[in-house]
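>>> Need a 3D model of the following:
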Amino acid sequence: MEPRRSGFRRNGLKRVMGLTAVLALGSMGLSRVTAQDAPESPWKRLPDMAVPRWEAGTAVLDGKLYVFGGYKMPTQSCKRVDVFDPKDKSWRKLADLPSAISHMNVVLDGRTVWFAGGFKDGYKGYAIAEVWNYDFDRDTYTAAPSLPEPRAGGGLALVGRQLHFVGGLKKDRDTDAADHWVLDLDELSQGKGQWKSAAPMPEPRNQFSTVTFDGRIYVLGGMFHHDSGQDDQPRVDIYDPQTESWSRGADLPTGHSHAEGSTFVQGGRIFILGGMGRIGERRWIDDKILALSSNDQWKALGDLPMALSSPVAAVIDDQLYVGGGSPNGATPQPAMWVRPAP
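This is a model prediction of the structure:
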């Protein structure tokens, strides 16, 4: 590992040593008490996912939760797309993805969503450059200009009519990319849109969470490398399209990754549910509900019903939903839960 990164880890460890035990140690064990076993828990069990998945993409439209792709068993990227309707607590299958993909973000754009890159096919699958747009009303997919290079585990965000793709893993599945590409969707609608280079990420990494918040792109956590070893980071970087520059945000309480599908903006806050945590050489599957408030501070708002890596999550009508994900980093689980939004 490069000296620059090693120094960052030492500094990051110093920053988190003062955390309370609930943040530093609360998710170490995988045999957590579930919602069913804890009468005082605010979580209620819902019907299981039709096909349990983790590392999936998520979107919310018309009060429904959509789940795109991800890993199913055996650990294999899949084409499956399902929608959960909280009104009748039902799951419904939609048209398959054009490719079996995991490790991609999904970005809502009106009544469509965008997704780009990802790992295709099996666990040791390959990074791809495919870009697609899904139309909710037509239940169809349209291909868009491919990324300049294959990427997996990068971030996708929409600011105005500019679609941004940042970071991620290169073709070797282990080298982190600093590249930042932008696709003008207005130009695309006129038949001339192409990806263009923008200011690169200041610290290349992969499997970070990505949201657009107050007109800026937040890159939250993530990790260095993949196949050679996964080093979760607390770092937060913020891109301002107005100045075309990056700045540092408030670090996460610990190193953190694997929460792309369970990170969202709600009520003026950024929420991150579950994922992978790290302090020094100690790594665990997280069970925390974290939120970034307006005073630029992270706060733990409660626990998940169980520790989960890469679950799906959203707030719909003041209710917080979470499901899927993996309790052990290898096998997806099917359960879904709901509780009042914190």
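
>>> What is the three-state secondary structure of the nearest residue to residue 212 once chain neighbours are set aside?
Counting by Cβ to Cβ, 6 or more residues apart in numbering, residue 212 lies nearest to residue 157, which is 4.9 Å off, once chain neighbours are set aside. Where you see a C-beta, it was placed from the backbone N, CA and C, and this is true even at glycine. Classification of residue 157 by DSSP: H, G, I helix; E, B strand; the rest coil places it in strand.

>>> Contacts only, for residue 157.
105, 107, 163, 164, 166, 210, 211, 212, 217 (Cβ atoms under 8 Å, 6 or more residues apart in numbering).

>>> which pair in the residues you listed spans the largest distance?
Greatest spatial distance in the contacts of residue 157: 163 and 211, 14.1 Å, computed using Cβ to Cβ.

>>> shouldn't residue 83 be in contact with residue 92?
Yes: using Cβ atoms under 8 Å, residue 83 is in contact with residue 92, at 5.3 Å.

>>> Between those two, which is the more surrounded one?
Remark: of residue 83 and residue 92, residue 83 carries more neighbours, 19 against 11, as counted by other Cβ atoms under 10 Å.

>>> how about the more buried one, phi and psi?
Per-residue torsions, residue 83: phi -130, psi 140 (degrees, to the nearest 10).

>>> Any figure for the gap between it and residue 139?
For residue 83, the distance to residue 139 equals 10 Å [Cβ to Cβ, to the nearest Å].

>>> all helices for the stretch 101-250 of the chain, in order.
All helices of the stretch 101-250 of the chain, identified by DSSP state H, counting those that start in this stretch, fall at 185-189.

>>> Let me know the pLDDT of residue 286.
At residue 286, the model reports a pLDDT of 98.

>>> circling back: residue 163 and residue 211 - which one has more neighbours?
Neighbour comparison, residue 163 and residue 211: the larger count goes to residue 163, with 24 against 20 (by other Cβ under 10 Å).

>>> What residues are bridge-paired with the more buried one?
residue 158, residue 183 (DSSP bridges).

>>> Surely it touches residue 185?
Yes: the pair residue 163 and residue 185 passes the contact test of Cβ under 8 Å, sitting 5.9 Å apart.

>>> hey, what's in contact with both of the two?
Joint contacts of residue 163 and residue 185 (Cβ under 8 Å, 6+ apart) are residue 109.

>>> which residues touch residue 111?
Per Cβ under 8 Å, 6+ apart, neighbours of residue 111: 61, 135, 136, 137.

>>> low-scoring stretches of the protein, by residue?
Applying pLDDT under 70 to the chain picks out residues 1-39.

>>> most centrally placed residue in it?
Central residue of the chain (Cα atoms, centre = their mean): residue 260, 0.4 Å from the mean position.

>>> which phi and psi does it have?
Main-chain torsions, residue 260, degrees, to the nearest 10: phi -60, psi -40.

>>> how about it, what does it touch?
By Cβ under 8 Å, 6+ apart, residue 260 lies in contact with 55, 57, 103, 105, 207, 208, 209, 210, 310.

>>> Residue 245 is in contact with residue 237, isn't it?
No: using Cβ under 8 Å as the test, residue 245 is too far from residue 237 to be in contact (10.7 Å).

>>> Which one's more surrounded, these two?
Counted by other Cβ under 10 Å, residue 245 and residue 237 do not tie: residue 237 has more neighbours, with 21 against 11.

>>> dump the residue contacts of that one.
By Cβ under 8 Å, 6+ apart, residue 237 lies in contact with 201, 202, 203, 218, 219, 246, 247, 248, 249.
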